[in-house]
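Enquirer: Pasting a predicted model and its sequence here:
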Amino acid sequence: MEGTIVKSVDYNAYFGDNHVVKNVNIDIPRNNVIAVMGPSGCGKTTFLRGINRMHELIPGATSKGKILLNNEDVFDMHPIFVRLKIGMVFQRPNPFPNLSIYDNVIAGYKLNGIKLPKAEKDKIVEHSLTRVALWNEVKDSLTKKGSFLSGGQQQRLCIARAVAMEPEVLLFDEPTSALDPISTSTVEELFHELKKNYTLIIVTHNMQQAARVSDKTAFFYMGELVEYDETKQMFTNPTDIRTQNYITGRFS
Amino acid sequence: MDTSLNNDLITRPDSMLGRVISSAKLRDAVKGIKRIKRSHRQIRTENVFKKTLVIVALSTIVLVLGIMVTLAWQSTLSIKASGLGYLWGKVWDPVQDIFGAYPFILGTLLTSFLALIISIPFSFAVGIFLGEYFPNGLASNFLKNTVELIAAVPSVIYGFWGLAVLVPIVRSFETAIGVTPVGLGIFTSSLILAIMIIPYAASLARSMIQMVPSNLKEAAYSLGATRWEVIRSVILPYTKSGLFAGILLSLGRALGETMAVTMVIGNTSLIPKNIFSPGNTMASIIANEFTEADHPVYLSALIELGLVLFLVTVVINMLGRRIIKQFTQD
């Protein structure tokens, strides 16, 4: 299925009086990997958290404008429904420490009070863990606590947990910044697999990562979306001088 | 010998000696010696300070042990007279020198556990409200301080309030459900106790709930959980040992509370028939009869009650603190 899946229209986000995201208009095509990059404090993470309405959970945070998911404004939907459609993976791996690996994967169903027959749950767990290339590593220790896994495995478990809800879009907030290089490359390979079924929006601090994994790249600076283009175009021939300066390392 | 004078002779540039050997090196050396002397003095003060602290700290331990030893020592007369049967003896009749603690142990357990059952919903609600829903802000601070004030009100005031307000209410309630309308009794004491112990569990619950890592809560929210689902599935399981410790600490407080309970429990040494009967707790019988204990075995029997109460509360408090320690270490 081609076409736009997420679209923001004049999206603005604030923390109190602090205007962090300014008038962002962006079209995100289905089954693509979109990298969102920019220096610290440029509003990229806030924008990402705006997409699944996580931004508004912070006291004092407000927003204006529209975020369209399949042409429907997420602010007209119930936030729970939005978050079921748009999954999220965080900077630090955060499996639930009191749950087993198995229960972590189906945590979304448990949290939402959805009761499933055992066979169905088994299927979801195996399917989700296979999707994130973790099944072979953990299939014999599904009853162990999620916190026993290595950092990279924990992060893949968190991706599996998001994937298990069968969302349409997956948001990643600097997903590899807490991981070692080997785990990082495992997760990056995963992105290529995942984009067959989902649309991925990845906030990253790491330009090489943006260049490696994404189809399109958005560059944020001081709360504005400065440039948004095909990744190749962006890294070889950026139009805006600020993008150029950022890519060539004049500021970070 | 006053060394400082000598030093002065050397360091003063106008002194003879100073002029003779006024090399900068020597002057530095003298300064060094002064500094060492000063640091010797500092070390001495430090040692005295440390020793004082150790003595003060040790004396509190000695004090607690002393209380326990005294209680045990003074109870020997009663222990010899009644033996272990004291604990389950059902009759307390000082006139005939029959001492059984069972009515008071039962009274203590009944009032305390009833009070816990009544107060837990309130203290957890306050804890969740202050810890998760409104951790900051004017209203939250106001509620927090008010709840903490509950612990600061002298217990005799609760007793008065209980007599003036609660007893008539309970009495009309008893009339309505067809029990002998006394007003004073186990149930009224439990109500008073429940109010008094709310702050203990509530403030512990609040601080435990605030310690739940926000990334776990966010993980749950991102999976489409509602606030209630986050509380039920993330916050409560994560804090359950801390919440349990809060209950234990409240229990420790309820077991030993004396004044307010003595004023509203009805003071009878009979075994309570139901929760509306008047009775006595271990603490209230001691407060009530201590001044009337006119012969040694009677006095000793009361002190033995004190010993039992002391041991039970110590164990409960230690258990509670241990759980909190484990919780905060993870």
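Expert: All right, it came through fine. Residues are numbered from 1 along each chain as shown, chains lettered A, B, ... in the order given.

Enquirer: For whichever residue of the stretch 1-150 of chain B sits closest to chain A, which non-adjacent residue is spatially closest?
Expert: Across the stretch 1-150 of chain B, the shortest distance to chain A (CB to the nearest CB) belongs to B:Asn136, at 7.5 Å. In this view, the C-beta of every residue, glycine as well, is placed from N, C-alpha and C. Of all residues not flanking B:Asn136 in the chain, A:Pro59 sits nearest, at 7.5 Å (CB to CB, 6 or more residues apart in numbering or on different chains).

Enquirer: Tell me how many other residues surround that neighbour.
Expert: Here the count is done by other CB atoms under 10 Å in any protein chain shown, and A:Pro59 has 11 residues near it.

Enquirer: what about it, helix or strand, and which?
Expert: If you go by DSSP states H and E, A:Pro59 is not part of any helix or strand.

Enquirer: what's the answer for A:Leu170, then?
Expert: Here A:Leu170, judged by DSSP H and E, is contained in strand A:169-173.

Enquirer: I'd like to know which elements whichever helix or strand comes after that strand is packed against.
Expert: Sequence order places helix A:181-194 as the next helix or strand after strand A:169-173, per DSSP H and E. Under the contact criterion of 3 or more CB pairs under 8 Å, 6 or more residues apart in numbering or on different chains; DSSP states H and E, helix A:181-194 touches helix A:151-163, strand A:199-204, helix A:207-213.

Enquirer: Minimum distance to B:Val261: which of those has it?
Expert: helix A:151-163 (50.8 Å; CB to CB).

Enquirer: Now do the closest one and helix A:181-194, the angle between them.
Expert: For helix A:151-163 against helix A:181-194, the angle by axes from the mean of the first three to the mean of the last three CA atoms, to 10 degrees is 20 degrees.

Enquirer: So which residues on the stretch 1-150 of chain A come close to chain B?
Expert: By CB under 8 Å from any CB of the partner chain, the part of the stretch 1-150 of chain A that sits against chain B consists of A:52, A:54, A:57, A:59, A:80-81, A:83-84, A:87-88, A:90, A:92, A:94-98, A:107-108, A:110-113.

Enquirer: Now do the strands in chain A.
Expert: Taking DSSP state E as the criterion, chain A contains strands spanning A:4-15, A:18-29, A:33-37, A:61-69, A:72-73, A:86-89, A:169-173, A:199-204, A:216-221, A:224-230.

Enquirer: okay if I get those as CSV plus mean neighbour count and mean pLDDT?
Expert: As requested, these are exported to CSV (neighbours: other CB atoms under 10 Å in any protein chain shown; pLDDT from 0 to 100):
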stretch, mean neighbour count, mean pLDDT
strand A:4-15, 18, 92
strand A:18-29, 18, 92
strand A:33-37, 26, 94
strand A:61-69, 18, 91
strand A:72-73, 14, 90
strand A:86-89, 26, 94
strand A:169-173, 25, 94
strand A:199-204, 25, 94
strand A:216-221, 25, 93
strand A:224-230, 18, 92
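
Enquirer: which residue sits closest to A:Asp10, ignoring its sequence neighbours?
Expert: Closest residue to A:Asp10 in three dimensions, ignoring its sequence neighbours and counting by CB to CB, 6+ apart: A:Gly65, at 4.1 Å.

Enquirer: For A:Gln208, see how far away the one you found is.
Expert: 32 Å (CB to CB, to the nearest Å).

Enquirer: For A:Phe75, which residues are in contact?
Expert: With contact set as CB atoms under 8 Å, 6 or more residues apart in numbering or on different chains, A:Phe75 has these partners: A:Arg53, A:Lys66, A:Ile67.

Enquirer: what about the nearest residue to the last one once chain neighbours are set aside, how many neighbours?
Expert: Same thing as A:Ile67. Spatial nearest neighbour of A:Ile67, excluding adjacent residues (CB to CB, 6+ apart): A:Val74 at 4.7 Å. Neighbour count of A:Val74, defined by other CB under 10 Å: 22.

Enquirer: what does the one 3 residues further on give?
Expert: Neighbour count of A:Met77, defined by other CB under 10 Å: 15.

Enquirer: now B:Thr60
Expert: Using other CB under 10 Å, the number of residues around B:Thr60 comes to 9.

Enquirer: isn't there a helix covering it?
Expert: Yes - looking at B:Thr60 with DSSP: H, G, I helix; E, B strand; the rest coil, it is inside a helix.

Enquirer: now stretch A:241-252: mean pLDDT?
Expert: Average pLDDT, stretch A:241-252: 83.

Enquirer: cool, and stretch B:177-186?
Expert: Here the average pLDDT along stretch B:177-186 is 88.

Enquirer: who touches B:Met196 in this structure?
Expert: Neighbours of B:Met196 in contact, by CB under 8 Å, 6+ apart: B:Ile150, B:Ala151, B:Ser155, B:Tyr158, B:Arg253, B:Ala254, B:Glu257, B:Ala260.

Enquirer: Same question for B:Asn215.
Expert: B:Asn215 makes contact with A:Phe90, A:Arg92, A:Asn94 under the criterion CB under 8 Å, 6+ apart.

Enquirer: A:Asp76 now?
Expert: For A:Asp76, the contact set (CB under 8 Å, 6+ apart) is empty.

Enquirer: just wondering, since we're on it, how far is it from A:Thr62?
Expert: 17 Å.

Enquirer: Provide the secondary structure category for B:Thr180.
Expert: When classified by three-state DSSP, B:Thr180 comes out as coil.

Enquirer: quick one: average confidence on the one helix or strand B:Ile33 maps to?
Expert: Using DSSP H and E, B:Ile33 maps to helix B:24-82. Helix B:24-82 shows a mean pLDDT of 87.

Enquirer: Pull the residues that contact the following helix or strand past it.
Expert: As assigned by DSSP H and E, the chain's next helix or strand after helix B:24-82 is strand B:92-93. Here strand B:92-93 makes contact (CB under 8 Å, 6+ apart) with B:Ile98, B:Phe99, B:Gly100, B:Ala101, B:Pro103, B:Phe104, B:Ser269, B:Ile285.

Enquirer: Show me which of those residues are buried.
Expert: Neighbour-count burial (16 or more other CB atoms under 10 Å in any protein chain shown) applied to the contacts of strand B:92-93 gives B:Phe99, B:Gly100, B:Ala101, B:Pro103, B:Phe104, B:Ser269, B:Ile285.

Enquirer: Nearest to B:Ser300 among those?
Expert: B:Phe99 (8.8 Å).

Enquirer: Just confirm the closest one contacts B:Ser78, I think it does.
Expert: Yes - with contact defined as CB atoms under 8 Å, B:Phe99 reaches B:Ser78; the gap is 6.4 Å.

Enquirer: Now do the shared contacts for the two.
Expert: By CB under 8 Å, 6+ apart, B:Phe99 and B:Ser78 have these common neighbours: B:Tyr86, B:Val297, B:Ala301.

Enquirer: Might you list the low-confidence residue ranges for chain B?
Expert: Low-confidence segments of chain B (pLDDT under 70): B:1-23, B:329-330.

Enquirer: Pull out the buried residues from stretch A:139-155.
Expert: Buried, per 16+ other CB under 10 Å, within stretch A:139-155: A:Leu142, A:Lys145, A:Gly146, A:Leu149, A:Gly152, A:Gln153, A:Gln154, A:Gln155.

Enquirer: What count of nearby residues applies to A:Ile124?
Expert: Neighbours of A:Ile124 (other CB under 10 Å): 20.

Enquirer: Repeat that for B:Met318.
Expert: 12.

Enquirer: Show me what the helix or strand where it lies is packed against.
Expert: Element membership of B:Met318, judged by DSSP H and E, is helix B:296-329. In this structure, helix B:296-329 makes packing contacts with helix B:24-82, strand B:98-99, helix B:102-128, helix B:236-256, helix B:282-289, judged by 3+ CB pairs under 8 Å, 6+ apart.
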